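sequence first, then the predicted structure:
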Amino acid sequence: MAEEAGRGRLGDERWGRFEGQVLAAWHDDGRTMSLLEPFGYVDPAGTRWHAPEGSEVNGASIPQAFWSVIGGPFAGRFRNASVVHDVACVEQTAGWREVHWMFYEACRCGGVAAVKAKLMYYAVFHFGPRWEIDTTLLVRDGHEVRVRSPRDTTPPPPTAADVAAAVAFFASHDPPATAIPAMAPLSPAP
């Protein structure tokens, strides 16, 4: 996908900022790495997204079917966004919608072109990890305690036809990023 005008600059304050550098050691599986130092992203609203030292990341929060179009999760300008997104998807301390929006803004902060960042946001929003948090109120030792239990609600992975439909759409359309959650998953051409 060609880079176009309007690309975010690395560290462009309009899109937030990264804190630290991604320093990691690869695991023997060749896909997973552990962070050797803390890393983070501060979004434009000032929310801090932490990736603590020792966090394991593997790019799994980005639907693998899209990798052939956008690149692998550790290549290119969205590597930093991929790291904080992976950690946020594992920790599940924020809702999946907020986590995926953070990914879009972090991609733009990292210099990913607008249309490519929107395609990536579409991919994670419609096919990426999802969870709902069930909260149970328990009484322990006479004190009320809220227990959070995440429940996986991830949709089925995209097909090659789903990816092709998304690529074709974003090649000829430039919707506002805020409109992507309201879009139905794009249907493959008949």
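Alright, I've got the coordinates.

ok, Gly54 - how many residues close by?
Counted with other CB atoms under 10 Å, the neighbours of Gly54 add up to 10. Every residue, glycine included, has its C-beta placed from N, CA and C.

oops, could you answer that again for Thr47 instead?
Neighbours around Thr47, by other CB under 10 Å: 13.

now it: closest residue in space that isn't a chain neighbour?
Residue nearest to Thr47 in three dimensions, not counting chain neighbours: Met102, with 7.5 Å by CB to CB, 6 or more residues apart in numbering.

where does the one you found fall, secondary structure wise?
Here Met102, judged by DSSP states H and E, is contained in helix 96-109.

after that helix, next one along is what?
Scanning forward in sequence from helix 96-109 by DSSP H and E, the next helix or strand is helix 114-127.

how about residues contacting that following helix?
1, 3-4, 6-8, 61-63, 65-66, 69-70, 78, 85, 97, 100-101, 103-104, 107-108, 112, 155-158, 162, 166-167, 170, 174-175, 177, 180-181, 183, 185-186 (CB atoms under 8 Å, 6 or more residues apart in numbering).

hmm, which of these are the buried ones?
By neighbour count, with 16 or more other CB atoms under 10 Å, the contacts of helix 114-127 hold 7-8, 61-63, 65-66, 69-70, 78, 85, 100-101, 103-104, 107-108, 112, 158, 162, 166-167, 170, 177, 180, 186 as buried.
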